[in-house]
Each structure stands twice: as structure tokens, then as C-alpha cells.
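In: Here is my input; please provide its structure:
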Amino acid sequence: VPAEQIRHTARALAQAASEAKAGGKPVYILTGRGIEQHSNGTDTVTAAINLALLLGLPGTLAGGYGTITGQGNGQGGREHGQKCDQLPGYRKITDPEHRAQVARVWGVDPETIPGPGLPAVELLDALGTPTGPRMLMVHGANPVISAPDASRVIHALSRLDFLVVCDFFLSETAAQADLVLPVLQWAEEEGSMTNLEGRILRRRAALAAPEHARGELWILAQLAQRLDAPGHFSPDPREVFEELKLASAGGLADYSGVRWDDLDAGAAIYWPCPAGTEVKAERGIRNGTPRLFLNGFAHADRRAVLVPVAFQPEPRMSKSAVSLVTGRLLEHYQSGAQTRRVPELVQAAPEPLLEIHPATALAHRIVQGQKVVISNERGEVTARARLTVDARLDTVFLPFHYPDSGTANLLTEAKVDPHSKMPEFKHAHVSLSAVKEEQ
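Out: Reported below is the predicted structural model:
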């Protein structure tokens, strides 16, 4: 990014933050997957948080810093403990006290709660190995398309003794499974979601499900019963929510004061919402913690902490190589398993297009609309060229929604950030080769 553009942005933010303090419009720094999906993504996000702190944004009305997740309930899932190193309420699975608290709610011995699991990339790489999992149950994910170094993932799945996929379409991953369980999709299920500002939202079923499809809570409850697992596994979303309240009580993401009926009534409830902070449930009433960091930060002295980060230059590319960035299109969602089945969306974006700067295209003898092979040591992808001056001279862009020879993640590297374990989706060295097509 040109230095002058960085200076202009910094001055604009500083001016806006100053005006916000004087009663002007609030300032909010919002980032997406683009800055996170690097092997140094944690440092980049930390730098953005430092900037927000220096501008005094956290704790202000309608201002602050936030990062958009890739799924509709990505944040809510983390609060439930759906990460390999967490328990409900953002509790740590390695903390003996946290383990004991959650074990009491679940009615199990703390020793039966396992230790930290493997992050996603490491888990996929370990499948079918002598020390790794021999069986895998996948819920609503399509790693054959969405995981980095996809060829390696496909090979790892083939090493398994048994693969189960729970999905509502026969995705590319489900097509490789030994057993596919048809499950409900989001519009057919009851439950809750949590949005970017920490507001807990009631989610209601809008459609009747097909006769033989089952909710994933039902599947997990049946699996637990048949494996004679300790504790209670309910298929009822309201009962599960009540359990979440107990399990998260006292944690960073405390749901213990949230009432299901209040969510039904449309009350605006934000975590943390400890028991005892309930208010009358009316539409528009704010409950819990609408403004996180209003009165201080999660440190002993209640003051914010700036965490220094250092610039890490990327290794030099060869003169013939360019950097590949993968990402989303407006018309498609995630691995495309759903949106590639919608005729209007397929018509709008039927195939992957390689976005490339005209000067870069000229250097590689590529013309508009020509097929191009994008390759590196991990694989190759074929896409048609779309020339655009919006691309950088040293960078090309591919969407990751497409299957087969259009799978962008055939090229990405299973390299991860050392802290977040987020894969390096936004940078891979590739070579370009124009395809001569018959007239």
C-alpha cells in the first residue's frame, strides 16, 4: 500500500475520532477475513486493535473495533465452546477450575473432559495416520473445497476407516463419505445466534423440514445414547440453551442472565449478561452489556494494553511468479455447496474468473476471457482471465467457491498463524500459463 495512502487514512481516522468525541458521528474500524488469513494474521489484527485503542474507540457509543466472521453464527459457536481449546463461555479447556465448573453442569467427572484437540489444519493432516483419528464426523463443512492444500485433504480423507458427513446437500465432501446423514438447514431449525456486537438473537424455524431429515442436536443426542456417554444430551434447543446459561455462568461470555422468553419478545440482550441483571423484556430494552469496555478492560488495573507487533516481510518471489489471493464473490457463499444449486446465482457467476491487472496479463501473454492455468508445487487450477486495473501488478485473485479443476484451494498452503492457527488463504506463490484454445 503506498505510504501516502496510509498517511491519508491515518489522518482521516484521527480527524473522525476527534469529531466523534465532540459529538460527531461514531467511528468503527471493521475488518474481515482478508487481514486474518495470513501466517501473521494475529499480528495484523493486533495492529488494528492498537489503532482503535490509540484513537479511543472501544467503549464509545456505536464505535470501536470488530472483525466479521465467515459464517452467520461464527461468534455464537465460539461462545458455546466449539473450538478445540475452549469450553462454554470462552473458558479454557486447560484450566482446572474451568473444567470443574463445566463438569458440574454436565454431570460428569472433570477427568472425562479431554484436553485441547488439534486445530483444523493439523487435524485434517493427521487423519488416517497411525497416531491420528481413524473415523471422522463432519457437520455442515466441505473441506474438500474449503480447506487449504485441498489435494492433501482429499488424500487424508481417503485414509480414514469411516467418514460420516452431516449435510443437507451432497457436497463434494459428502460424496466421499461412507455415510451421509441428511440434516436440517438453518431456516428449518430453532435456536439462537450471536451477532458482531454481541447481541443474542432468537432464531425461529421458517420452513417445515423434509420428513426424514433430523436436527444435529437429535443426531448428537442419539450418538451419545448409543455410545453410553455420561451426562445429558438433549435434542431440544431450549433445553440446550438453558444448559449453555449454566455452563457459561461466570465466564467471559456469560449467558446466565439471558431468558429465552425475553429473546422471543425481541429484547436486545448482549453478553456478558450475568444472572441478576435481567430487566423487563420489551422490544428495544437493552439488557446485559451493550457497550463492552465502557468502564474498563479485562486487566487488573482496568486499563487497556497495547501489544507491540513487528513487520514480517514475505520471502521474495521468483520474477515469473505472482501472489495469489483467494476470496469470496457476491453471488456465492463459502464452498458454494448451496449457491451453486441456485440457477440465478450460477448464471450470474458460472465459473471461476482469474482477476489480473492488464499489464501483468500482457507480460504473461494473457488476453481477456482466455483460459489460464494457475499452478504451483501443490497443484493447478484453470480459470478464465478477467482483466481489471483494480488488481495489483504482482497479485491475482481467485474465488474459492468452485469444485474440481476450479478449486482455488488446490493452490493454497497449509501454513498457519502460530497463535490463531488460521490458515494462509490470502497468499500463495503461483505461476501463470495461457491456454491456447482451438478456434
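
In: and the next element down the chain from the helix or strand hosting residue 375?
Out: Under the criterion DSSP states H and E, the helix or strand holding residue 375 is strand 371-376. Counting by DSSP H and E, the next helix or strand C-terminal to strand 371-376 is strand 379-387.

In: after the lowest-mean-pLDDT helix or strand in the chain, next one along is what?
Out: Scoring the helices and strands of the chain by mean pLDDT, DSSP states H and E places strand 286-288 at the bottom, with a mean of 78. Beyond strand 286-288 in the direction of the C-terminus, DSSP H and E gives the next helix or strand as strand 322-327.

In: In that next one, which residues are buried?
Out: Going by neighbour count (16 or more other C-beta atoms under 10 Å), the buried part of strand 322-327 is 322, 323, 324, 325, 326, 327. Just so you know, the C-beta spots here come from the backbone N, C-alpha and C atoms, and that holds for glycine as well.

In: do the same with stretch 78-92
Out: Of the residues in stretch 78-92, those with enough neighbours to count as buried (16+ other C-beta under 10 Å) are 78, 79, 80, 81, 83, 84, 86, 87, 88, 89, 90, 91.

In: In the residues you listed, find the pair that's most separated.
Out: Within the buried residues of stretch 78-92, 84 and 89 form the most distant pair, 16.1 Å apart (C-beta to C-beta).

In: What segments of the stretch 51-200 of the chain are helices?
Out: Assigned helices in the stretch 51-200 of the chain, in chain order: 74-79, 96-106, 120-126, 143-146, 150-158 (criterion: DSSP state H, counting those that start in this stretch).

In: most tightly surrounded among the ones you listed?
Out: Counting by mean count of other C-beta atoms under 10 Å, helix 143-146 has the highest mean neighbour count of the helices of the stretch 51-200 of the chain, with a mean of 25.

In: What is that one packed up against?
Out: helix 150-158 (3 or more C-beta pairs under 8 Å, 6 or more residues apart in numbering; DSSP states H and E).

In: So which other helices or strands are in contact with the helix it packs on?
Out: In this structure, helix 150-158 makes packing contacts with helix 120-126, helix 143-146, judged by 3+ C-beta pairs under 8 Å, 6+ apart.

In: Contacts for the first one, please.
Out: Residues outside helix 120-126 that contact it (C-beta atoms under 8 Å, 6 or more residues apart in numbering): 84, 117-118, 132-133, 143, 147-148, 152-153, 156, 414, 416, 421, 423.

In: go with 10 Å
Out: Helix 120-126 has contacts (C-beta atoms under 10 Å, 6 or more residues apart in numbering) with 83-84, 117-118, 132-133, 136, 141, 143, 146-149, 152-153, 156-157, 159, 413-416, 421-424.

In: do the same with the last one
Out: For helix 143-146, the external contacting residues (C-beta under 10 Å, 6+ apart) are 70, 120-121, 123-124, 127, 136, 138, 150-151, 153-154, 156-157, 165, 171-176, 334-337, 400-404, 406-410, 423, 425.

In: can you give me the offset of that helix from its chain's centre?
Out: For helix 143-146, the distance between its averaged C-alpha position and the chain's averaged C-alpha position is 14 Å (C-alpha atoms, centre = their mean, to the nearest Å).

In: Could you do stretch 288-296 as well?
Out: Using C-alpha atoms, centre = their mean, the distance between the centre of stretch 288-296 and that of its chain works out at 25 Å.

In: pull the CA atoms of that stretch into CSV?
Out: The C-alpha trace of stretch 288-296 is given here as CSV (Å, rounded to 0.1, in the frame of the first residue of the first chain):
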residue,chain,number,x,y,z
GLY,A,288,-26.6,-7.3,29.6
THR,A,289,-23.6,-5.3,28.3
PRO,A,290,-24.5,-3.3,25.2
ARG,A,291,-21.2,-1.4,25.4
LEU,A,292,-18.3,-3.6,26.2
PHE,A,293,-15.2,-1.8,27.7
LEU,A,294,-17.4,1.2,28.8
ASN,A,295,-16.0,1.1,32.3
GLY,A,296,-12.6,-0.6,31.7
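
In: List the buried residues of it.
Out: Taking 16+ other C-beta under 10 Å as the neighbour-count basis, stretch 288-296 is seen to contain the buried residues 288, 289, 291, 292, 293.

In: Any chance of the backbone angles for the closest residue to residue 185 other than its chain neighbours?
Out: Of all residues beyond its chain neighbours, the one nearest residue 185 is residue 168 (4.6 Å), with distances taken as C-beta to C-beta, 6 or more residues apart in numbering. Dihedral angles of residue 168 (phi, psi; degrees, to the nearest 10) stand at phi -110, psi 0.
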